[in-house]
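Chemist: 3D model of this:
(one chain, ligands or ions: 1)
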Amino acid sequence: MVYVTRRATFSAAHRLYNPELSDSENDAIYDKCSNKHGHGHNYIVEVTVAGEPRVETGYVIDLKKLKEIVGREIIDKVDHKHLNIDVEFMQGIIPTAENIAKAFWKVLYQKITEGTLYSIRLHETENNVVEYRGE
Ligand code: NI
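Modeler: Numbers count the residues shown, from 1 in each chain. Next up, the predicted model:
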């Protein structure tokens, strides 16, 4: 099995807020991340696809194609957007790094037809990284 990874970056705003809780409960859980008008991050996402290289091409997936898929399905939809408000596939989801990674997985899983989506790694800050591998 070979694992190939495409890295991409985007900037987005979010607010961590659970509408089922009171403002003070949200403050207690999310602190500054619950600021009313949100805040931003420069995210890095790493999309890893696993598979056997094809005999004809030597590729698991052509990284040019993976770049296009990630660009079209994810980056174009989230870059310079507010994740709570502007992004259809994030509606009703508290946009923690964990949930963003899961949402990206859901969007990409069906779109990647060469190899199999193996993981989504999302760097929210230099020091905070989450990884989702499905299920
Ligand atoms: Ni944040």
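
Chemist: what about stretch 20-30, distance to the chain center?
Modeler: 24 Å (CA atoms, centre = their mean, to the nearest Å).

Chemist: likewise stretch 120-135?
Modeler: Distance, centroid of stretch 120-135 to centroid of chain: 8 Å (CA atoms, centre = their mean).

Chemist: avg pLDDT for it?
Modeler: Here stretch 120-135 scores 96 as its mean pLDDT.

Chemist: can you check stretch 45-59 too?
Modeler: In this model, stretch 45-59 has a mean pLDDT of 97.

Chemist: stretch 8-22 too?
Modeler: Regarding stretch 8-22, the rounded mean pLDDT is 97.

Chemist: give me the buried stretch members for it, please.
Modeler: The neighbour-count check on stretch 8-22 (16 or more other CB atoms under 10 Å) flags Ala8, Phe10, Ala12, Ala13, His14, Arg15, Leu16, Tyr17 as buried. The way it works is simple: take the backbone N, C-alpha and C, and place the C-beta from them, glycine included.

Chemist: quick one, what contacts the third one?
Modeler: By that I understand Ala12. Gly40, His41, Tyr43, Val78, Asp79, His80, Lys81, His82, Leu83 (CB atoms under 8 Å, 6 or more residues apart in numbering).

Chemist: looking at those residues, which are in strands?
Modeler: Per DSSP state E, strands hold the following members of these: Gly40, His41, Tyr43, Lys81, His82.

Chemist: what lies in contact with stretch 31-46?
Modeler: 5-17, 26-27, 70, 74, 82, 84, 100, 104, 119-125.
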